[in-house]
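1. I would like to see how this sequence folds:
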Amino acid sequence: MSRPPEVHHPLFARVYERLSRSAEKHGEGDHRRELLSDLSGDVLEVGAGNGLNFRHYPPTVAKIVAIEPEPRLRAAAERAAQTASVPVEVVDSVAERIPAGDARFDAAVISLVLCSIRDPAAALAEVRRVLKPGGELRFYEHVRADSPGLARIQRLLDATIWPRLAGGCHAGRDSAGAIADAGFRIESCRRFLFPACSLVPLAPHVLGTARKLP
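-> Have a look, this model is predicted:
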């Protein structure tokens with residue numbers, strides 16, 4: 001089966017590196033630590049970006065395999081891996097084609113990436129395939145707003161300029177629903193605004209844990 005088209009967003013990658021470092025200092029680092037707390041064993045990270053999660057993994061993790069298809073972000077992730085407290089292997093791959101055997105990982109992490117994956121259902125099916133029976137999925141995503149007004153703004157952005165400006169990102173995807181539809185049981189899911197402003201289209205977030213169903 002052929003690989004999907006190459007992911008290459010050099011301008012967005014530059015902007016994302018700057019914005020993500022700022023967000024990390026203003027609260028996102030706390031979300032990442034919450035996301036990754038108490039993980040153990042071999043972990044797959046889907047869409048590692050510039051590797052900001054790496055510093056937050058607990059020492060109980062044996063190894064991280066982190067896939068990232070965008071060249072500039074992957075290079076940044078490789079640099080971050082060099083100073084991570086746990087072993088990290090950064091791999092050039094897309095979420096729809098995870099280069100690992102069935103039931104390879106104890107846990108998987110999806111962090112601010114389902115918004116921009118071309119085929120979220122295919123990506124989640126791959127995550128499910130490579131997780132061990134009963135394996136855990138940790139997720140942290142910006143999602144569709146509960147407010148009808150903000151949800152309309154998100155739909156308008158997604159139908160017009162936002163994916164083109166933001167490296168394929170969609171403001172209003174129902175990522176928690178997609179995870180449940182992909183054969184996972186959601187065990188916890190906390191909704192919150194980040195930044196704490198109900199008028200920002202990307203503010204609605206979810207952070208939670210799901211388990212691979214038999």
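
2. and T60, how far from S40?
-> 4 Å (Cβ to Cβ, to the nearest Å). (C-beta placed from N, C-alpha, C; glycine too.)

3. who's more crowded, these two?
-> S40 (14 against 11; other Cβ atoms under 10 Å).

4. I'd assumed P59 was in contact with the more buried one.
-> No: S40 is not in contact with P59 according to Cβ atoms under 8 Å; the separation is 9.4 Å.

5. this structure: strands as residue ranges?
-> 41-46, 61-67, 88-91, 105-111, 131-142, 184-193, 204-212 (DSSP state E).

6. name the surrounding residues that touch the first one.
-> Right, strand 41-46. 53, 57, 60-67, 95, 98, 100, 104-111, 113, 123, 127, 130-131 (Cβ atoms under 8 Å, 6 or more residues apart in numbering).

7. repeat that for the fourth one.
-> Here strand 105-111 makes contact (Cβ under 8 Å, 6+ apart) with 32, 35-36, 39-47, 49, 53, 65, 127, 130-132, 135-141.

8. gap between the residue of the chain positioned farthest from its centre and C169?
-> Taking Cα atoms, centre = their mean as the measure, the residue most remote from the mean C-alpha position of the chain is G149, 25.8 Å away. Here G149 is placed at a distance of 21 Å from C169 (Cβ to Cβ).

9. same deal with P10?
-> 15 Å.

10. please apply the same query to S175.
-> 12 Å.

11. what touches both of these two?
-> C115.

12. follow-up on the earlier one: can you check the pLDDT for the residue farthest from the centre of the chain?
-> With respect to pLDDT, G149 scores 95.

13. gap between it and L165?
-> 22 Å.

14. still on that earlier bit, between P10 and C169, which is the more surrounded one?
-> Each of P10 and C169 has its neighbours counted (other Cβ under 10 Å); C169 has more, 23 against 12.

15. doesn't P163 make contact with that one?
-> Yes: at 6.3 Å, C169 and P163 qualify as touching, with contact defined as Cβ under 8 Å.

16. okay, now Y140: neighbour count?
-> There are 24 residues near Y140, going by other Cβ under 10 Å.

17. what do you get for H26?
-> 11.

18. can you check A103 too?
-> Counted with other Cβ under 10 Å, A103 comes out at 13.

19. go on, the one 5 residues further on?
-> Neighbour count for A108, taken as other Cβ under 10 Å: 27.

20. for burial, what's the neighbour tally of the closest residue to it other than its chain neighbours?
-> Distance criterion Cβ to Cβ, 6 or more residues apart in numbering; nearest residue to A108, sequence neighbours excluded, is L44 at 4.5 Å. The burial count assigned to L44 is 26, neighbours taken as other Cβ under 10 Å.

21. and the longest helix belonging to the chain, what's buried?
-> In terms of residue count, the longest helix belonging to the chain (DSSP state H) is helix 10-23. Within helix 10-23, the residues scored as buried using 16 or more other Cβ atoms under 10 Å are F12, A13, Y16, S20, A23.

22. was I right about the second one contacting A166?
-> No: with contact defined as Cβ under 8 Å, A13 and A166 do not form a contacting pair (10.9 Å).
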